[in-house]
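Colleague: sharing a model prediction with you, sequence too.
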Amino acid sequence: MLKLVKKESKKVGLPPGTLLYVGEKRTEKVTIKIIDYDETSLQEKEARTVEDCFPYKNKPTVTWINVDGIHRVDIIETIGKHFGVHSLVLEDILNTGQRPKMDNYGDYLFIVLKMIYCNGKGSEIIAEQISLILGSNFVISFQEEAERDVFNPVRERIRNGTGRIRKMGADYLAYALMDAIVDNYFAVLEKLGEQIELLQEELISDPTPETLHAINHLKRQMIFLRKSVWPLREVVSGLERGESPLIKAETNIFLRDLYDHTIQIMDALETCRDMLSGMLDIYLSSISNKMNGVMKVLTIIATIFIPLTFIAGVYGMNFKYMPELEWRWSYPVLLLAMAVIVVSMLMYFRRKKWL
Amino acid sequence: MLKLVKKESKKVGLPPGTLLYVGEKRTEKVTIKIIDYDETSLQEKEARTVEDCFPYKNKPTVTWINVDGIHRVDIIETIGKHFGVHSLVLEDILNTGQRPKMDNYGDYLFIVLKMIYCNGKGSEIIAEQISLILGSNFVISFQEEAERDVFNPVRERIRNGTGRIRKMGADYLAYALMDAIVDNYFAVLEKLGEQIELLQEELISDPTPETLHAINHLKRQMIFLRKSVWPLREVVSGLERGESPLIKAETNIFLRDLYDHTIQIMDALETCRDMLSGMLDIYLSSISNKMNGVMKVLTIIATIFIPLTFIAGVYGMNFKYMPELEWRWSYPVLLLAMAVIVVSMLMYFRRKKWL
Amino acid sequence: MLKLVKKESKKVGLPPGTLLYVGEKRTEKVTIKIIDYDETSLQEKEARTVEDCFPYKNKPTVTWINVDGIHRVDIIETIGKHFGVHSLVLEDILNTGQRPKMDNYGDYLFIVLKMIYCNGKGSEIIAEQISLILGSNFVISFQEEAERDVFNPVRERIRNGTGRIRKMGADYLAYALMDAIVDNYFAVLEKLGEQIELLQEELISDPTPETLHAINHLKRQMIFLRKSVWPLREVVSGLERGESPLIKAETNIFLRDLYDHTIQIMDALETCRDMLSGMLDIYLSSISNKMNGVMKVLTIIATIFIPLTFIAGVYGMNFKYMPELEWRWSYPVLLLAMAVIVVSMLMYFRRKKWL
Amino acid sequence: MLKLVKKESKKVGLPPGTLLYVGEKRTEKVTIKIIDYDETSLQEKEARTVEDCFPYKNKPTVTWINVDGIHRVDIIETIGKHFGVHSLVLEDILNTGQRPKMDNYGDYLFIVLKMIYCNGKGSEIIAEQISLILGSNFVISFQEEAERDVFNPVRERIRNGTGRIRKMGADYLAYALMDAIVDNYFAVLEKLGEQIELLQEELISDPTPETLHAINHLKRQMIFLRKSVWPLREVVSGLERGESPLIKAETNIFLRDLYDHTIQIMDALETCRDMLSGMLDIYLSSISNKMNGVMKVLTIIATIFIPLTFIAGVYGMNFKYMPELEWRWSYPVLLLAMAVIVVSMLMYFRRKKWL
Amino acid sequence: MLKLVKKESKKVGLPPGTLLYVGEKRTEKVTIKIIDYDETSLQEKEARTVEDCFPYKNKPTVTWINVDGIHRVDIIETIGKHFGVHSLVLEDILNTGQRPKMDNYGDYLFIVLKMIYCNGKGSEIIAEQISLILGSNFVISFQEEAERDVFNPVRERIRNGTGRIRKMGADYLAYALMDAIVDNYFAVLEKLGEQIELLQEELISDPTPETLHAINHLKRQMIFLRKSVWPLREVVSGLERGESPLIKAETNIFLRDLYDHTIQIMDALETCRDMLSGMLDIYLSSISNKMNGVMKVLTIIATIFIPLTFIAGVYGMNFKYMPELEWRWSYPVLLLAMAVIVVSMLMYFRRKKWL
């Protein structure tokens, strides 16, 4: 969250529509991959220059232009101009602090999504902004970086002609990309779920302050994930409501399926949150229990030995006239009396269930 | 919850509409039971092959085809094709992580419900997905397994012709099946209610950390149950709203009754949750009380004996010139003084209500 | 709540519309009281047989048939058949686990309410289900038992012709009965309010674990009451909205008044809940305060005497060469030094505000 | 809250529309003040009898009849009858447990508001019910008592002709009265705000259990205030929506302003509540901190002196053969060793940040 | 919040529309800056008298009149009269306790916003009220003071003709001003975010009561910020809904962008609140942990030495007949026994994980 805020603040004072990349400095080459297909033909290539994309604007086949890297403002601008994209849209593509949304610009739809990954150790969630521009016969997708990508299964399906994808239009392609992103949420949720289960075991066996930090860390991950998923619901239901002629009726049924998936994810997120709250309660009460245990040990030891020490102290006094001191059996009798005290105390503690 | 997530993640990357069974590996035979009836006739048989179901598609009588086991994808697919069911529906039937929903496909309604059981020891809630396909004159129901089933009373009613069921259409049959599922929720809730009452007694007599875990476990069961019941409400109200011609007017009044039942269950769930929250408060404060008790014992013992020990220590000093040591009545006077200290301290504690 | 759930579960597996009494076993006679009136005439009698009610169905005068006791299923059924009441309605009358609701069956309205009493000691709230069937010129009311009843003021008004009641129709009679039930809620709330005030004083003077249990008990009573009142609001606003021709325009203004009353009760309930929450906070912090007090006493005693005991211990050592032991004024000087230590410690504690 | 409930319960069993004063017993005279004005003329007098008000019903000038005291049921009834007010309205005027509301009776609007005062010491909030009846050319206002009144500025404005009031109709007069009441809320909120600030300082400097009680007391005041303000919002927006011809278009803009004020008050109330919640957290944690401090002192003293006392105890033993006892430098060496122990312990505590 | 309340209460009793400045006493000169531009021309000057603004009312070019300082009621009134502004609007401009709102007066729109700054040390948020009056070809903006201002980038853009601003109308100018204010929120949020991160580190390394106060202080800042941002959303969506002809269609797309920004800010605020809540949990549990640590040290020391001291006490007794005292190896054997006790206790503590 904090990062999003920082990025945005760089732009304070600039006129709206100013194109400025706000993410980390990057130096990799921006790659543009083009896949053009219809039911019978398939063409796949990497564009050498931006201009290579231009012919696909009006081709009757479905074209998917995938731009990996948005740090080259000039490339984004050139593409934007050729495909008639509003400068505010281009600004939003570059400004990766967007929340998922769908804007209808008549000729084209602009969709912003968040692709979610777990980082290497699986404990940190990383979000990457994916912007889609859906025209009548093309989809342009913008990613922040090329390394990670959940679109490969879609590419495979296009190449192999599996499923419906080659028979449907650009709207189905956009749906397929969104579906791939949402499917990946399940994988991330699964990892988080595993961590919750691990934590739960740790919580029962041996809770430490680190457990609390881990619970809180997971809670923050949930908040983060929630921020990406919650608006997604509106995006998908907005598309499904079918107000744009770009979305054909036969794609609608798939969007409804996608909508069901986002609801399932939100449900799972809510359940995770409820479980984490319950875990917090358990953690706090287990600390209290520990303290209770410590106190009991102290109390048992102290209440047994303090009176005994007092008695020993009494017979350690140096008074001249203490008749017991002279008596022959004083010592063994006293030891016996002390033993009786100890035993009766232990019985008292047992009755109080402290032992 | 976590399990649902795991199942779904197996499917990441597959095209939508791909039929894949995501549950546990099963080897039992899939059984298909057919009950065909109208007001006068009744036929009941177990299909040997999938094709045995086919003739019932267009028979004027009401047919209930019950498929026990969804791990044989080919069977589901064959039935789906013959009855004209969309591949996304078939996918949802196989994918048991659905939340309850109702989809209107014009010719037929697709309804997903959760059947809820308590496991043997009654402490764990298990959900099984029931999918219903309601056509104009047939209902196809899909269950995950054959062992447990809440539909026997419905079967009996069909066989014996009790109630209205033989006089009404397929929509009433679908209602009767849903009603049987919802009725079973009451039985599950009753078991949970008994556990809450047991816990409440345990909480007053002798709360242990296990009590807390039990409270939390029940809370999680409630969350789980809630997830199954909450969307059910929309399903039933969606059916009742009567937008589909498949639901006849005379069935509507029964759906309203069913709706009332789901509301009652949700009410009961909310009350259970409120009670569990109250129990958590009591648990936490009873831990504090215990600690208080421990502290009081320690404090009473320590505050009585520490001063006494000090006094004994004073007269245990080896100074040459300590007049008291020589005095004849020092020892009994000191013992008396100590007794006075003890009594006055006890009175102080009594006034403070520590005794 | 738990009780409601249990009742319902008896019916699992029976066809909807099956008439089955689910409450406690009862043996009292079911009494049917009939009051028939218009502006000029008044007839009041107790029916000997069910058939005695039948002539009133189509009489132009307003008739109130009050059935005390619903454990005789046959009586309910006979009345139901004669007055053309749907079997689902009869089922709901017998099944006392309903939540308040209003169902419009065209010819008649079916209204379910909860009559609330405090039991003898005033600490337990008991709910009794009242079902009203409002026809064009009759009201049939069903109660679970005859002992307690809040309708006597209404009867008196009919007998004496006080107020409007004799000049208005059956809809006003139904309103008057509902009004009597809602008025009684105020009396129950008052008793609960008194208990809250008592608890609040107890909380300040001397909170015990019993106080916590009492707070929690009241909270549960509130939840219970809330469950009866909350749906009532919808019932009354449903009647007021005037969709049924059975409710005449001149009765509407009274229903609005009734609606205001239910809102007032809900307001009062919310305030009670907020106050009980605040009392829980006070209770928990008063436990902490007590613990603090115990700790302070322990700390003061221990920190004063432990150092002194050490000093006494030092001079109790048996070393041969300890010059102080021989010195003449050692003992009085040491006593003085100890007094100085005690005084300075007490001053330290005072500054720390522990004394 | 509790008081409201009590008042209402007096009326249980009476027919609706029964006029009964439910407040405290009062003996003061009821005074009726009449102000009649238009842009040019002004007449102000105190009515000797109720009948003095009657001529103003149909005068074209604007008349404000202010009734101070509602304990004389006969006076209210006479006015009500003459001005054609429904008996339910009169009942609501007398029954001071109403929540703010606006009822449209066609010919006139009935508005109930709560006038809020701080009592002498400023710590208790007192509410007085103000009922307004707005006719086409008159406003009748009913107050519980004459002592306190926020309407004097309005009277002054009428007398002096300041502002628009003399140029506008009765609707503007009603608005002006409501505005005066709402303006007074700000004064009350300011006093509560000052108390919150005082509490906050107390909380940081020296929190006591009284602070907690004060926080809770303020919270209850907020709940009370909220109950008066929240429904007010609906009242004002109901008037502004302009469904009644009694409210002229030019008054609407002022009602919108009034609406803004009620929103501001609700905002301030919410903020106060949030702050009080935060203060509760601080209070609870400051108790924990105090306990921590007490524990640390105990631990430091005990851990330093208990080992030393043990060592002294060892050399206080009376064994015949203890070589150290005979050694010449035993005593000074032991004292040195003890000093080393003390110093190293203090260092340990410093490192642990306990000192 | 408290301040707002105080300001408002000064006005109790005054007629609505009375112009009264309620802020702090100010003596600076009120400056009026005029910028008048169209696509080709640009005129910028500071008005010497109020009347200098008058000619711009009906000029076809776009005019921005910026009034710095609202403590000179006469100036505000003169401008208001000339530009035909309602007296309630002028009252709202002077009364700086407004919440953000937009009122449509037909000829002009009145927009109230809050400009937010961090004060010097960055820990306190200060809000300044900005009022905008948007006419068909002019924007009048009112600020409380001239020192701080976020409008300079807008001025620069007008002067340099960057972006669209010179080509668009007064509605775009109003948008640009609002956008500048909202952009500044991001900067404020960033500072708060940094503080949250600092606190989070402090919380893990060394939490003190000051940390709690800082968390609470930030929470209050969030509440304050929320109060400014939340209503803003309605303002912007109200403008975007395009009900006023003053907002042209081509500006709408920019308002939607602005709306997205306010949603982003609200999202970030919510996340901050969630994080602060989580930090409170961590703080409270870290206090408990500290207490636990303190208790463990006390318990370890006490449980080790109290028994040893008792043993030493026993052999310090002065009984005549204690055989051990005479035995030669008593002393070394006892020391050995004590060492064994210590070691076994340490092992016990290790097993309990206290060491």
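Modeller: Good, I have the coordinates. Numbering: from 1, shown residues only, chains lettered A, B, ... in the order given.
Colleague: so which elements touch the helix with the most length in chain A?
Modeller: Looking across chain A with DSSP state H, the single longest helix is helix A:249-314. Contacts defined by 3 or more C-beta pairs under 8 Å, 6 or more residues apart in numbering or on different chains; DSSP states H and E place helix A:249-314 against helix A:170-205, helix A:209-240, helix A:330-351, helix B:2-9, helix B:87-94, helix B:209-240, helix B:249-314, helix E:249-314. Glycine gets a C-beta too; all of them are placed from N, C-alpha and C.
Colleague: the residue in chain A that chain D sits nearest to and E:Ser286, how far apart?
Modeller: Proximity of chain A to chain D (C-beta to the nearest C-beta) peaks at A:Gly316, 6.9 Å away. According to C-beta to C-beta, to the nearest Å, A:Gly316 stands 45 Å off from E:Ser286.
Colleague: tell me which of the two has more neighbours.
Modeller: Under the neighbour definition other C-beta atoms under 10 Å in any protein chain shown, A:Gly316 and E:Ser286 were set side by side, and A:Gly316 has more, 27 against 17.
Colleague: element containing that one?
Modeller: Using DSSP states H and E, A:Gly316 sits within no helix or strand.
Colleague: doesn't C:Gly316 make contact with it?
Modeller: Yes. A:Gly316 is within contact range of C:Gly316, at 6.9 Å (criterion: C-beta atoms under 8 Å).
Colleague: contacting residues around the nearest residue to A:Glu46 once chain neighbours are set aside?
Modeller: Setting aside the residues directly before and after it, A:Glu46 is nearest to A:Lys33 in space (C-beta to C-beta, 6 or more residues apart in numbering or on different chains), at 5.4 Å. Listed by C-beta atoms under 8 Å, 6 or more residues apart in numbering or on different chains, the contact partners of A:Lys33 are A:Glu44, A:Lys45, A:Glu46, A:Ala47, A:Ile65, A:Asn66, A:Asp68.
Colleague: so who does the closest residue to A:Ala337 other than its chain neighbours touch?
Modeller: Distances taken as C-beta to C-beta, 6+ apart put A:Ile311 closest to A:Ala337, at 7.7 Å, once the chain neighbours are dropped. Each residue near A:Ile311 by C-beta under 8 Å, 6+ apart is listed here: A:Leu334, A:Ala337, A:Met338.
Colleague: local confidence estimate at the closest residue to A:Ser244 other than its chain neighbours?
Modeller: Nearest residue to A:Ser244, sequence neighbours excluded (C-beta to C-beta, 6+ apart): A:Asn104, at 5.4 Å. Looking at A:Asn104, its pLDDT reads 90.
Colleague: next secondary structure after the helix or strand of chain A with the lowest mean pLDDT?
Modeller: Using mean pLDDT, DSSP states H and E, helix A:2-9 stands out as the lowest-scoring helix or strand of chain A, at a mean of 49. Proceeding N to C from helix A:2-9, the next assigned helix or strand is strand A:31-37, under DSSP H and E.
Colleague: so how far is that next one off the chain centroid?
Modeller: 31 Å (C-alpha atoms, centre = their mean, to the nearest Å).
Colleague: low-confidence stretches in chain A?
Modeller: Where chain A drops to pLDDT under 70, the residues are A:1-13, A:25, A:120-122.
Colleague: ok, 50 please
Modeller: Within chain A, the stretches with pLDDT under 50 are A:1-2, A:4, A:6-7.
Colleague: residue contacts, the residue in it that chain C sits nearest to?
Modeller: Nearest to chain C, among the residues of chain A, is A:Gly316, at 6.9 Å (C-beta to the nearest C-beta). Applying C-beta under 8 Å, 6+ apart, we find A:Gly316 in contact with B:Ala312, B:Gly313, B:Gly316, C:Gly316, D:Gly316, E:Gly313, E:Gly316, E:Met317, E:Asn318.
Colleague: nearest residue to the last one in space, please, no chain neighbours.
Modeller: So the one you mean is E:Asn318. Closest to E:Asn318 by C-beta to C-beta, 6+ apart is A:Leu325, at 5.4 Å.
Colleague: now the one you found: which helix or strand?
Modeller: Element membership for A:Leu325, per DSSP H and E: helix A:323-326.
Colleague: neighbouring contacts of that helix?
Modeller: A:Tyr315, A:Ser330, E:Asn318, E:Phe319, E:Lys320.
Colleague: and what of stretch A:240-250?
Modeller: Under C-beta under 8 Å, 6+ apart, the answer for stretch A:240-250 is A:104, A:108-109, A:134-136, A:168-171, A:239, A:252, A:255-256, A:259.
Colleague: buried members of these into ChimeraX, please.
Modeller: Listed next is the ChimeraX selection for buried residues among the contacts of stretch A:240-250, using 16 or more other C-beta atoms under 10 Å in any protein chain shown:
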select /A:108,109,134,135,168,169,170,171,239,252,255,256,259
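Colleague: now A:Ile32: how far from E:Leu232?
Modeller: Distance of A:Ile32 to E:Leu232, given as C-beta to C-beta: 39 Å.
Colleague: quick one: which of these two has more around it?
Modeller: E:Leu232 (28 against 20).
Colleague: next, A:Leu113: secondary structure please.
Modeller: The three-state label given to A:Leu113 by DSSP: H, G, I helix; E, B strand; the rest coil is strand.
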